[in-house]
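S.K.: Build me a model from this:
(one chain, ligands or ions: 2)
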Amino acid sequence: MAARGARGGRRRPQSGGARAAHGGPSRGAATANRGTAARPAVGGPSRGAAVATTARRRSPAHGSPARRAGARRRSSPRRPEALLAAAAARGLPLLARSESESDCDSDSDSESESDSDSHSDCDSDSHSDSDSDCDSDSESDSDSDSELSPPFLSNAASLGLGRGTHFRRARPRQQVYFQPDEVSAGIVTCGGLCPGLNTVVRELVCGLHHMYGVTNVVGIEGGYKGFYASNTVELTPRSVNDIHKRGGTVLGTSRGGHDTTKIVDSIQDRGINQVYIIGGDGTQKGAATIHEEVQRRGLKCAVVGIPKTIDNDIVVIDKSFGFDTAVEEARRAINVAHVEAESTENGVGVVKLMSRNSGFIAMYATLASRDVDCCLIPESPFYLDGKRGLLEFAEQRLRENGHMVIVVAEGAGQDLIAKSMNLADAHDASGNKLLLDVGLWLCHKIKEHFKKKASFPSPSSTSTRPK
Ligand SMILES: Nc1ncnc2c1ncn2[C@@H]1O[C@H](COP(=O)(O)OP(=O)(O)O)[C@@H](O)[C@H]1O
Ligand SMILES: O=P(O)(O)OC[C@H]1O[C@](O)(COP(=O)(O)O)[C@@H](O)[C@@H]1O
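M.R.: Ligands and ions are numbered 1, 2, ... in the order given. Here you go, the predicted model:
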């Protein structure tokens, strides 16, 4: 996991741009984004344990990094609030208003243009000392004892790094804990799909093999449940050579069914001493319990959590793999909806995009596309009726332009829908709340509204979901 100090540092060039060479608009479309591809664990058991607790997601509950840092923070387009403001500054009308509208306006108006390329979560003070942060980062590669403090999460004060929690950037190290010929590595993918999963598996296998001489690597099939099966699949550079061109995960995945004791029994029985667990927040909670159990049993086994989220909502990494692909595919869907909306009198294109709690995909795709009139994200409540409501705005845009495109993140407006349809919560096998279909609901509401308006011909609604 590519971790970075909370104060930021000079950003390394990202090798991943928006690449969507493979696959159609599916979640499993393969990606070549290696900007945050995982590196094999080379430290001791504790160094290898980058568990879920270190990979906090940017959710409204945690607050954005900027919110935590308070008013001194610079505006950054990585935050949906800042993206909203940046969009507004570029003349994109926005209905969704955040609770902290005034904060957003005040800190972003003047900076949105200049910040737009920085893609930085740095504190305001980190701009001045970013170089030194970066240098100290590379000096710390010396594998000194202080760096071995378990796990990657280290107490900033004890390292003399100032306030806050700091993370070590993952990378190959000169000194390794495991003798390559003693390593038995296992790789598993769990939870929801995300572009790039196969690329990460491939890089792990090839990195272990070519960089460290580790030849004993197996894949656990079908997520955590695969640990209970008797079979594993052998992974070699040859067998994974082309998997990055395929969507989904060649190892398979699943939700639910995590049993820590059985999983660690299986790890122990198979003699696995490095386990690479690729998955989202649910998966990483599971990885944390596995790590605790491994420690409790005194096993010399590195438990490596590799964060996967298509939503790019993890604070401590540069960018989550698959995000670029998701944005690029989303932009294509928006393009299709725009073409269709434009072809019809008063055409309204509604594009529902992924994102349960954070609107990064929706906002980045919106800003990239330039065809979107309104972007609705989970972080920013909206309403339909009345003054400055979505429907009034739709009327205005249709009068002005004769067509419009609305992008909505699938987690947006959930309370509104639940209220209007009187629905109870439902959950998936892992306990995640199932989302109500905001796309269909919006289409229905828009059609219903315009049917009542004599001055408007009924706009045709188009719903496109790139999933
Ligand atoms: N709190 C938890 N403790 C242990 N295992 C968990 C926990 N939450 C989820 N898991 C397991 O992690 C796996 C993936 O979780 P899920 O929430 O479906 O996807 P994601 O990892 O993409 O968020 C499932 O097998 C699930 O049982
Ligand atoms: O349809 P599913 O599989 O429940 O996924 C729904 C949600 O999970 C996400 O895909 C996020 O999952 P990850 O962060 O694990 O990639 C959201 O974008 C989406 O809203």
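S.K.: In three-state terms, label V200 for me.
M.R.: Following DSSP: H, G, I helix; E, B strand; the rest coil, the label given to V200 is helix.
S.K.: isn't G252 right next to G223, touching?
M.R.: Yes. Using CB atoms under 8 Å, G252 makes contact with G223 at a distance of 6.9 Å. Where you see a C-beta, it was placed from the backbone N, CA and C, and this is true even at glycine.
S.K.: Please enumerate the shared neighbours of those two.
M.R.: Common neighbours of G252 and G223 (criterion: CB atoms under 8 Å, 6 or more residues apart in numbering): T189.
S.K.: Do a quick rundown of the strands in this structure.
M.R.: Along the chain, counting by DSSP state E, strands occupy 154-155, 165-166, 185-189, 217-220, 233-234, 274-279, 302-307, 347-353, 374-376, 403-409, 461-464.
S.K.: So G252 and G223 - more neighbours on which side?
M.R.: Higher neighbour count among G252 and G223: G223, with 25 against 17, using other CB atoms under 10 Å.
S.K.: Run through the residues that contact the more buried one.
M.R.: G223 touches V188, T189, C190, G191, G252, T253, S254, R255, G257, G279, counting by CB under 8 Å, 6+ apart.
S.K.: I'd like the strands of the chain as TSV, with mean neighbour count and distance to ligand 1 appended.
M.R.: Converted to TSV, those look like this (neighbours: other CB atoms under 10 Å; distance: least, CB to the nearest ligand atom, whole Å):
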stretch	mean neighbour count	distance to ligand 1
strand 154-155	15	24
strand 165-166	19	21
strand 185-189	28	9
strand 217-220	25	12
strand 233-234	13	19
strand 274-279	28	4
strand 302-307	28	9
strand 347-353	28	17
strand 374-376	26	23
strand 403-409	27	17
strand 461-464	20	24
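S.K.: wait, which of those is closest to T199?
M.R.: strand 274-279 (10.6 Å; CB to CB).
S.K.: Worst mean pLDDT across the helices and strands of the chain, which element?
M.R.: helix 65-69 (a mean of 31; mean pLDDT, DSSP states H and E).
S.K.: Flag whichever of the strands of the chain has the least confidence on average.
M.R.: Among the strands of the chain, strand 154-155 carries the lowest mean pLDDT, a mean of 44.
S.K.: tell me the contacts of the residue of the stretch 101-250 of the chain found nearest ligand 2?
M.R.: Distances between the stretch 101-250 of the chain and ligand 2 by CB to the nearest ligand atom are smallest at G192, namely 4.1 Å. By CB under 8 Å, 6+ apart, the residues touching G192 are R27, T253, R255, G280, I310.
S.K.: Quick one: neighbours of the third one, just the number.
M.R.: This points to R255. Neighbours of R255 (other CB under 10 Å): 18.
S.K.: same thing with the second one?
M.R.: Look at T253: counted by other CB under 10 Å, it has 24 neighbours.
S.K.: Is it in contact with G191, as I believe?
M.R.: Yes. Between T253 and G191 there is a contact at 6.3 Å, judged by CB under 8 Å.
S.K.: Can you give me the neighbour number for the nearest residue to M211 once chain neighbours are set aside?
M.R.: With sequence-adjacent residues excluded and distances taken as CB to CB, 6 or more residues apart in numbering, M211 is closest to P172, at 6.0 Å. P172: 12 surrounding residues under other CB under 10 Å.
S.K.: before we move on, what about the one 5 residues further on?
M.R.: Here the count is done by other CB under 10 Å, and Y177 has 19 residues near it.
S.K.: Which phi and psi values does it adopt?
M.R.: phi -80, psi -40 (degrees, to the nearest 10).
S.K.: confidence score at it?
M.R.: pLDDT recorded at Y177 is 90.
S.K.: Could you tell me the end-to-end distance of stretch 210-220?
M.R.: Criterion CA to CA, to the nearest Å; first-to-last residue distance in stretch 210-220 is 21 Å.
S.K.: now stretch 220-239
M.R.: Start-to-end span of stretch 220-239 (CA to CA) is 15 Å.
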